[in-house]
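> Sequence and predicted structure are below.
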Amino acid sequence: MFENLKAFFRGFFSSFKARSTEYLEFEERELENVFALILMGSFVGIPSPPTTLVMRIMPHMVREIYVMQRRAGEMDDIFGELAGMFEIT
């Protein structure tokens, strides 16, 4: 009996861990997009940081630029993705 209860709680908590990891990964992706948009904001009309700062950070932003290009090509529906994640119908 005790082992069954222990197995139940182990599965219950592992489900929460997997779900919370999914939320954190989604938040990380969105924060990367916001960071890249802040640095590259001049492309969409947002005032950007000084050019010298952007040029110094640019070599470290290769991944973010590829992510922005992919996101622009896919045109994800962020609200739809959030609704699916939280199982809103």
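Yep, it's here.
> so how far is the helix or strand hosting L5 from its chain's centroid?
For L5, the host element (DSSP states H and E) is helix 2-39. Here helix 2-39 is found 12 Å from its chain centre; the criterion is Cα atoms, centre = their mean, to the nearest Å.
> same question, stretch 49-56
24 Å.
> cool, stretch 57-65 as well?
16 Å.
> Not counting that stretch itself, show me its contacts.
E32, N33, F35, A36, L39, M40 (Cβ atoms under 8 Å, 6 or more residues apart in numbering). (C-beta placed from N, C-alpha, C; glycine too.)
> ditto for stretch 77-89
Against stretch 77-89 from outside (Cβ under 8 Å, 6+ apart): E22, Y23, F26, E30.
> Who are the contact partners of the second one?
Translated: Y23. M85.
> so how far is G11 from it?
Distance, Y23 to G11, using Cβ to Cβ, to the nearest Å: 19 Å.
> And the third one, by the same measure?
Distance of F26 to G11, given as Cβ to Cβ: 23 Å.
> give me the low-pLDDT residue ranges for the protein?
Within the chain, the segments meeting pLDDT under 70 span 42-44, 72-76, 89.
> Go again with 80.
1-2, 5, 9, 11-20, 33, 36-51, 53-54, 58, 60-61, 63-89 (pLDDT under 80).
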